[in-house]
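Colleague: model this:
(chains A, B, C and D)
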Protein chains: 2
Amino acid sequence: MDAERQTSETPGAHTGGQLPLYKEVKRLLTQSLAEGEWLPGVALPSETRLGERYRVSIGTLRKAIDELVAERILLRHQGRGTFVASHDARRTLFHFFHIVPAGGGKEQPETELLSFDRAKADADAAARLDIRQGAPVFRIRNLLRLAGKPVVLDVITLPAARFPKLSEKVFRERDTTIYQLYQERYGINVVRSAERLSAALADRTSAKLLGIPAGSPLLRIKRTALTYHNVPVELRESLVNTAEHEYFSDLGKT
Amino acid sequence: MDAERQTSETPGAHTGGQLPLYKEVKRLLTQSLAEGEWLPGVALPSETRLGERYRVSIGTLRKAIDELVAERILLRHQGRGTFVASHDARRTLFHFFHIVPAGGGKEQPETELLSFDRAKADADAAARLDIRQGAPVFRIRNLLRLAGKPVVLDVITLPAARFPKLSEKVFRERDTTIYQLYQERYGINVVRSAERLSAALADRTSAKLLGIPAGSPLLRIKRTALTYHNVPVELRESLVNTAEHEYFSDLGKT
DNA sequence: TAGTGGTCTAGACCACGTG
DNA sequence: ACGTGGTCTAGACCACTAC
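Modeller: Take a look at the predicted model:
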């Protein structure tokens, strides 16, 4: 792999360091991804070539890629190549939008921008975004409709430092998903999210926007979206009217 | 692997069938697990021995086990062996109990049995448990306390056919987790769960049990618990007071 | 010391997608 | 026909655990 590791002459004896070689390769691959060497949607060099680049056997290289594929950071297509996962509408829907009709199936939400503001990070947001308290953030509120009916109210918090020159205009005129916007305009690829759920009652404002009586029960979702190396890039608090929809969670799924 | 597959003499040419060899090995391993050949907590034969048993190379055998480990059905311990995942209190807490204090940390819940009844499966339960409508089921209601305070109200539905001679006494006298009970008494090992969440309002009964005002918002969790081969074995509907707790969901976590 | 899983390598062949 | 990922094998050595 590197000079220190290459001292041994016998094959299969490369465990000199404490970190397995394939983990190191994975780290280097992730780093290249984070630096934008391979952009979302494009194919990586072939496994043979990557093996040569990192001076590891193809088996070791594959093991590194295996893990990135398991984390849905890379996608393999037999006969075509290995690709950087890209935020098309389908991926966002399947991996980051967990609201489904109670009956089953899955539909693409339509988004309506309600407001766009600048603000300062409070203590909680700062901690979760790993920025300092009081740092400038953008606050975006959206209303999401499913089958034409309002179902979700989103409040998004973005660290302004990572999204230079973001404006209401950009948000209003986009015709892509929000994660596609981050990706295309800022090179930020959201690869994972962690969510905490609770129940709440609709206040007057939320109720009116969602077209339900005040005091109706709502599902509250607090999400942290992460990019490569588990760096947080977005906070989102969603209020969901679960009268006709549900949040679907299936861990351990193969 | 089998006669048909062994016709080829050259190594590395075993892809005669449509299913990869390691998938077939995985299926056979899962089958042995489901049949109780290796019980929860015990070590499987060594990889070398299993490779001989299924007449595959150790690499292929390991790839089959890799997937079962990723699904948390097996556990590997370097130097000790590969073990069947077992429902001790810790595993249940970490992999099947997603309620955490809003502040963080994780605590073991105490369970109080509220009622134990026989009933007939309605259409929905029958469909989810893959049994016929009207088939006999057990219905168990539990109150779960965290740090001494009531937080969760559980209604469990079990297909009676899979749990012969289950009685209130058994449930009342257990000093283990419920999934340990299934495991030890019925040889049923819950390995995965799928959950659907929504928000609801506390009715009078629930409110009284949880010590909150009627009309308080509650998180409703509908869980299907599955054993090997994704066979459903338990339904559970939980009502959670999320005033001081949250449901934690982290898909895609490595 | 012996046995187990963990890592790494090298090479052959198969299946798929593209031209 | 060619290049890509997918499967399978065989063997060497390392790291950990138990005795």
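Colleague: so what are the domain limits for chain A?
Modeller: As assigned by automatic domain parsing, chain A contains the domains A:5-84, A:89-247.
Colleague: How far away from the center of its chain is the shortest one?
Modeller: The offset between the C-alpha centroid of domain A:5-84 and the centroid of the whole chain comes to 21 Å, using C-alpha atoms, centre = their mean, to the nearest Å.
Colleague: same check, this time on the last one
Modeller: A distance of 12 Å separates the centroid of the chain from that of domain A:89-247, by C-alpha atoms, centre = their mean.
Colleague: for that domain, how far is the first residue from the last?
Modeller: 19 Å (C-alpha to C-alpha, to the nearest Å).
Colleague: repeat for stretch A:39-53
Modeller: The straight-line separation of the ends of stretch A:39-53 (C-alpha to C-alpha) is 19 Å.
Colleague: Does that stretch reach DNA strand D?
Modeller: Yes - Stretch A:39-53 reaches DNA strand D (C-beta under 7 Å from any atom of the strand) through A:43-44, A:46-49. Bear in mind the C-beta positions are built from the backbone N, C-alpha and C, glycine included.
Colleague: Would you mind naming what in chain A lies close to chain B?
Modeller: Neighbours of chain B within chain A, by C-beta under 8 Å from any C-beta of the partner chain: A:67, A:70-72, A:95, A:98, A:100, A:102, A:191-201, A:215, A:217-220, A:222, A:240, A:242, A:245-254.
Colleague: Next, the contact list for A:A123, please.
Modeller: The contact partners of A:A123, taken as C-beta atoms under 8 Å, 6 or more residues apart in numbering or on different chains, are A:Q133.
Colleague: B:L201 versus that one, what's the distance?
Modeller: Separation of A:A123 from B:L201 (C-beta to C-beta, to the nearest Å): 31 Å.
Colleague: likewise A:V84?
Modeller: Separation of A:V84 from B:L201 (C-beta to C-beta): 45 Å.
Colleague: Same drill for the two, tell me which one is more crowded.
Modeller: Set A:V84 next to B:L201 and count neighbours by other C-beta atoms under 10 Å in any protein chain shown: A:V84 wins out with 21 against 17.
Colleague: can I assume the more buried one is in contact with A:L44?
Modeller: Yes - when contacts are counted by C-beta atoms under 8 Å, A:V84 is listed as touching A:L44 (7.1 Å).
Colleague: what touches both of those two?
Modeller: Both A:V84 and A:L44 are contacted by A:38, A:74, under the criterion C-beta under 8 Å, 6+ apart.
Colleague: residues contacting the closest residue to A:D130 other than its chain neighbours?
Modeller: For A:D130, ignoring the flanking residues on the chain, the nearest one in space by C-beta to C-beta, 6 or more residues apart in numbering or on different chains is A:P232 at 5.7 Å. By C-beta under 8 Å, 6+ apart, A:P232 lies in contact with A:128-130, A:224-226.
Colleague: Of those, keep whichever come out buried.
Modeller: A:128-129, A:224-226 (16 or more other C-beta atoms under 10 Å in any protein chain shown).
Colleague: quick one on the thing from earlier: quick one: which helix or strand includes the residue nearest to A:D130?
Modeller: Using DSSP states H and E, A:P232 sits within strand A:231-240.
Colleague: Equivalent analysis for A:A194, please.
Modeller: Here A:A194, judged by DSSP H and E, is contained in strand A:192-201.
Colleague: Format the CA atom coordinates belonging to that strand as CSV.
Modeller: C-alpha atoms of strand A:192-201 as CSV (Å, rounded to 0.1, in the frame of the first residue of the first chain):
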residue,chain,number,x,y,z
ARG,A,192,-26.7,8.8,5.4
SER,A,193,-29.3,10.2,7.8
ALA,A,194,-30.1,9.6,11.5
GLU,A,195,-33.6,10.3,12.8
ARG,A,196,-35.3,10.7,16.1
LEU,A,197,-39.1,10.5,16.2
SER,A,198,-41.7,11.7,18.7
ALA,A,199,-45.4,12.6,18.8
ALA,A,200,-46.7,16.2,19.0
LEU,A,201,-49.9,18.2,18.7
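Colleague: Note down every partner strand of that strand and its orientation.
Modeller: strand A:217-227 (antiparallel), strand B:245-249 (antiparallel) (DSSP bridges).
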